[in-house]
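*Asks:* Here is the input, now give the coordinates:
(chains A and B)
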2 protein chains.
Amino acid sequence: MLLYESLADEFAAQISAGHMHPGDRLPSVRHLAQQRQLSVSTVVQALRTLESRGMVEARPQSGYYVRVRHGRVLAVPARQRLEKPVVVGLSQRLLSVLHANEAPGIVPFGSALPSPDLMISQRLSRLYASVARRYPQLLSGTSHAALNEPLLLRAIVHRALEWGCAIAPEEVVVTNACTEAMSLCLRVVTKPGDTVAVEAPTYYVMLQLLESMGLRALEIPTDPQTGVSIEALDLATRERKIAACLLIPNAGNPLGCVMPDAHKQRVADMLASRNVPLIEDDIYGDICFTPARPRPVYAFDRSGNTMLCTSFSKTVSPAFRLGFVAAGKRGAEIALEKTLTSGKSNPLCQRVMAELLDTRGYDAHLRTLRRRLADQVARTRDAVMRHFPGEVRVTEPAGGLVLWVELPQHVDATELHKQAIARGIGFVPGEMFSANGRFKNHMRLACGHPWQSSFDDAIKTLGQMVCAASVTGGV
Amino acid sequence: MLLYESLADEFAAQISAGHMHPGDRLPSVRHLAQQRQLSVSTVVQALRTLESRGMVEARPQSGYYVRVRHGRVLAVPARQRLEKPVVVGLSQRLLSVLHANEAPGIVPFGSALPSPDLMISQRLSRLYASVARRYPQLLSGTSHAALNEPLLLRAIVHRALEWGCAIAPEEVVVTNACTEAMSLCLRVVTKPGDTVAVEAPTYYVMLQLLESMGLRALEIPTDPQTGVSIEALDLATRERKIAACLLIPNAGNPLGCVMPDAHKQRVADMLASRNVPLIEDDIYGDICFTPARPRPVYAFDRSGNTMLCTSFSKTVSPAFRLGFVAAGKRGAEIALEKTLTSGKSNPLCQRVMAELLDTRGYDAHLRTLRRRLADQVARTRDAVMRHFPGEVRVTEPAGGLVLWVELPQHVDATELHKQAIARGIGFVPGEMFSANGRFKNHMRLACGHPWQSSFDDAIKTLGQMVCAASVTGGV
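*Replies:* Numbers count the residues shown, from 1 in each chain, chains lettered A, B, ... in the order given. The predicted structure follows:
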């Protein structure tokens, strides 16, 4: 880690822990440089990094101050009541929303994918070409047995150690992105008609997977700052037969919060003791804004009950379609399901990914990516604060690339979406994140693209629509 | 098509149609060259091609003769009785068979994949490198909406015209190989507990797909020369609720026969009129030994009821994991299922495949591949005829790369497989091709690798084992 990053992370941790308060003045640049024996430019870079993360602000002629947070942080889930399991039926509406968001010229608050500008496509392209030249045999492989390229397997096991996860090679299956990883897990531990516990709100693809497999969703209330409610999960797994639990504990989509370690330990223990398999989506783990890369629940589970699923779609390229599952005690079952229903994932892509992960430049890329995403999220959030009506509440994500916005109770975000598309602005309406029809007055804003002034205009337009809908008593 | 191929195909058609009989002498080389105004070497090449296909034989000092076929062609399915639908439960045993077949040094009669020697990996590797250099943006694509790379879509539509299929672009979805194509089709038209009609015997991955989706298999008697029994399919679809029908009409695995056009028309009409969706696997369509590339059932169906699934695994590379479905009237549903459960298939691979299909060399590759596979199948078949006991019957495939062998009634091929693996020889036991536990005295021999003398030894060893098992009254 570079010096300025290390300094920035140190201050960030202090601020996050509440040891420095909003409005507190930071030590002067000169003072810090002397005290830490760093160059002035290093200190300035650290402070600018904190500024881009939205944690401090510069006041002209005065220095840097811990930022006064707007008071409207989304802190409490709208409802705590535990719902009944329901059959999911979202597909068609969801698809039309996704398609509308992708029409040419639409302001890209829809897809939760980092912009190609943030990715390393040139490097990847050179690596691809080079691997294809060096290993033509990877283009004609015929093995049913070996699902994982050995080099990628080694890279995965090695990297996971940095997240506190001691993954055994034999429990890993390389998959076609994270969605296939989760789908394999669900197929191994559930049968049609079973109930699966999910966060509320949760990522719509989770709900779609349940729908396509004939599973019921039991939505567990989820706190925008600490993640899924332990009490509700406790209640649900005691009272009902739950076939699996599907969570995104690190910077989950759409809430963006990181579950505290103590909660992770409790979730791991509780689910293991009740024999409820945990399918953990850690796809945002590498793009958290926390000082240290947060550990997955997997790291707290010694029982083999947790299946860790992730991919490189948010960090390298969504076009790669490469991910993996570390399936704990269910490694052999997952490998069987993968072998017999989908076969080995493209071995050339596996090799490219392995070589990419093995470069020192990859860590630098991750650091830059995190910084830029944090900046984009902070700027989008600021714009919402400035342009949306006062009663609107917004999450303060600890990672990822989306904001979750609660609009006034009677505003219908799905209707709003139609109006927004007509004005050239995309987003995903809240009801897509629930199988129960909840969150109708919520919206998810993706922040995957570098900030530009037209985005401010678009947020302003959205804000005006929300105002109009609030005043008229609904869209 | 080259001149000698055209001549060879013409004679092949005559022989297949019964217009030339076993033992008939072909016109002399000189006569043919004069009559057709071809060079002597072209005529010789045509005759050698027919020889390698096992259709004619050279007799020293005498010329070429239509080959006397061994009389032991597998002609009648063992049982015609229609079974009850059953839940499939094969996975674990199948996996251990596949793994055993892939151990280092095992004679490769197991996997039905063309050897890398038959593929064009060098050309593919150069194309990969070049596409990665020219289109780095394909490595960072972010679209949910566009599932198909336009150039690949065009190539597919264009090629399908040659098979008599008028595919509309909007019904095509590019998939992760043929297995995903079939899986998407099944998910769209069935729900768990439904019954799906399959051929008996059928490819074990079909059965595995049904097992993983909680579907029942209804096995329809299938003739080793004309494919699925129309009468039995008629009966089944009249008497029962069949959610879908899953067939491999062109050089199906394991029987290798091509369903006659008249049967294809009847199947298309019958299933459409009864509203039973047909999922057609055409993965061997491009490697049939028939004079013309056979049409899929899809070509005979004007109703949109047939979903044509295929991939490039048998013709370009199994490592590519790229296929497609032309889903007829269900195109939009399939696209939805693909978008929401798996996402777009790797766009770079799509582009590579599109450019490969666009080269003139690709057709030459297919011709060579077909010829070599026909040769390998013929040589393997000959070896079985020479070394297996007299009551053994073998298919005479019209395409593909596998032989289906019926052993004496009381020989247990699964036991035989264990013995064979111990002697370093792989194959797939017949019972893997049925959910009803049928075909225990059958075996599938794959012919994906260029013939070598050690293969003859291996077939001889297998023959001795079969003899021993026959004599002792079972393995």
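
*Asks:* Outline the domain layout of chain A.
*Replies:* Domain segmentation of chain A under automatic domain parsing yields A:3-66, A:86-117+A:363-471, A:122-361.

*Asks:* The stretch 201-350 of chain A: helices as residue ranges?
*Replies:* In the stretch 201-350 of chain A, the helices defined using DSSP state H, counting those that start in this stretch lie at A:204-212, A:230-239, A:261-273, A:331-341, A:347-357.

*Asks:* can you put those helices in CSV and add mean pLDDT?
*Replies:* Output for these, formatted as CSV (pLDDT from 0 to 100):
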stretch, mean pLDDT
helix A:204-212, 91
helix A:230-239, 94
helix A:261-273, 97
helix A:331-341, 87
helix A:347-357, 93
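
*Asks:* Output those in CSV; the columns should cover distance to A:S311 and mean neighbour count.
*Replies:* The way it works is simple: take the backbone N, C-alpha and C, and place the C-beta from them, glycine included. As requested, these are exported to CSV (distance: least, Cβ to Cβ, whole Å; neighbours: other Cβ atoms under 10 Å in any protein chain shown):
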stretch, distance to A:S311, mean neighbour count
helix A:204-212, 12, 24
helix A:230-239, 25, 17
helix A:261-273, 21, 18
helix A:331-341, 14, 21
helix A:347-357, 10, 24
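
*Asks:* Among the ones you listed, which comes closest to A:T175?
*Replies:* Distance to A:T175, taken as Cβ to Cβ, is lowest for helix A:331-341 among the helices of the stretch 201-350 of chain A, at 6.7 Å.

*Asks:* Figure out how far the helix or strand hosting A:R159 is from the centre of its chain.
*Replies:* For A:R159, the host element (DSSP states H and E) is helix A:150-162. Centre-to-centre, helix A:150-162 and its host chain are 21 Å apart (Cα atoms, centre = their mean, to the nearest Å).

*Asks:* Stretch A:310-318 too?
*Replies:* Mean-position distance between stretch A:310-318 and its chain equals 11 Å (Cα atoms, centre = their mean).

*Asks:* which other residues reach it?
*Replies:* A:113-114, A:119-121, A:124, A:175, A:177-179, A:181, A:281-287, A:320-324, A:353, A:356, A:365-366, A:369, A:400-401, B:139-142, B:343 (Cβ atoms under 8 Å, 6 or more residues apart in numbering or on different chains).

*Asks:* Straight-line length of it, end to end?
*Replies:* End-to-end distance of stretch A:310-318: 12 Å, with Cα to Cα, to the nearest Å as the criterion.

*Asks:* Counting neighbours, what do you get for the residue of the stretch 351-475 of chain A found nearest chain B?
*Replies:* Closest approach between the stretch 351-475 of chain A and chain B, counting by Cβ to the nearest Cβ: A:G448, at 7.9 Å. Residues lying near A:G448 (other Cβ atoms under 10 Å in any protein chain shown) number 23.

*Asks:* what sits against it?
*Replies:* A:P108, A:S111, A:A112, A:L113, A:P114, A:S115, A:L118, A:L373, A:Q376, A:L401, B:T142.

*Asks:* can you do 7 Å?
*Replies:* Each residue near A:G448 by Cβ atoms under 7 Å, 6 or more residues apart in numbering or on different chains is listed here: A:P108, A:S111, A:A112, A:L113, A:P114, A:S115, A:L401.

*Asks:* which of those lies closest to chain B?
*Replies:* Closest to chain B, out of all of the contacts of A:G448 and judged by Cβ to the nearest Cβ, is A:L113, at 4.5 Å.

*Asks:* packing partners for the longest strand along chain A?
*Replies:* Counting residues, the longest strand in chain A under DSSP state E turns out to be strand A:216-223. Applying 3 or more Cβ pairs under 7 Å, 6 or more residues apart in numbering or on different chains; DSSP states H and E, one finds that strand A:216-223 contacts strand A:86-87, strand A:195-200, helix A:230-239.

*Asks:* and the longest one with strand A:195-200, angle?
*Replies:* Spelled out, that is helix A:230-239. Here helix A:230-239 runs at an angle of 170 degrees relative to strand A:195-200 (axes from the mean of the first three to the mean of the last three Cα atoms, to 10 degrees).

*Asks:* so what strands line up beside the lowest-mean-pLDDT helix or strand in chain A?
*Replies:* Every helix and strand in chain A was compared by mean pLDDT, DSSP states H and E; the lowest is strand A:86-87, with a mean of 74. Each strand paired with strand A:86-87, and its direction, by DSSP bridges: strand A:216-223 (antiparallel).

*Asks:* May I have the partner strand as CSV, with CA atoms only?
*Replies:* This file holds the C-alpha atoms of strand A:216-223, laid out as CSV (Å, rounded to 0.1, in the frame of the first residue of the first chain):
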residue,chain,number,x,y,z
ARG,A,216,-40.0,-19.5,-2.2
ALA,A,217,-38.4,-16.3,-0.9
LEU,A,218,-38.6,-15.5,2.8
GLU,A,219,-37.6,-11.9,3.2
ILE,A,220,-35.6,-11.1,6.3
PRO,A,221,-35.6,-7.4,7.5
THR,A,222,-32.2,-5.9,6.8
ASP,A,223,-30.7,-2.9,8.5
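
*Asks:* on that earlier part again, contacts for the least confident helix or strand of chain A next, please.
*Replies:* By Cβ under 7 Å, 6+ apart, the list of residues contacting strand A:86-87 from outside reads A:R216, A:A217, A:A435, A:N436.

*Asks:* Can you select the buried ones among those residues for me in ChimeraX?
*Replies:* Selecting only the buried entries of those in ChimeraX, with 16 or more other Cβ atoms under 10 Å in any protein chain shown as the criterion:
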select /A:216,217,435,436
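
*Asks:* now the contacts of strand A:86-87 as JSON lines including pLDDT?
*Replies:* Output for these, formatted as JSON lines (pLDDT from 0 to 100):
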{"residue": "A:R216", "pLDDT": "94"}
{"residue": "A:A217", "pLDDT": "95"}
{"residue": "A:A435", "pLDDT": "91"}
{"residue": "A:N436", "pLDDT": "88"}
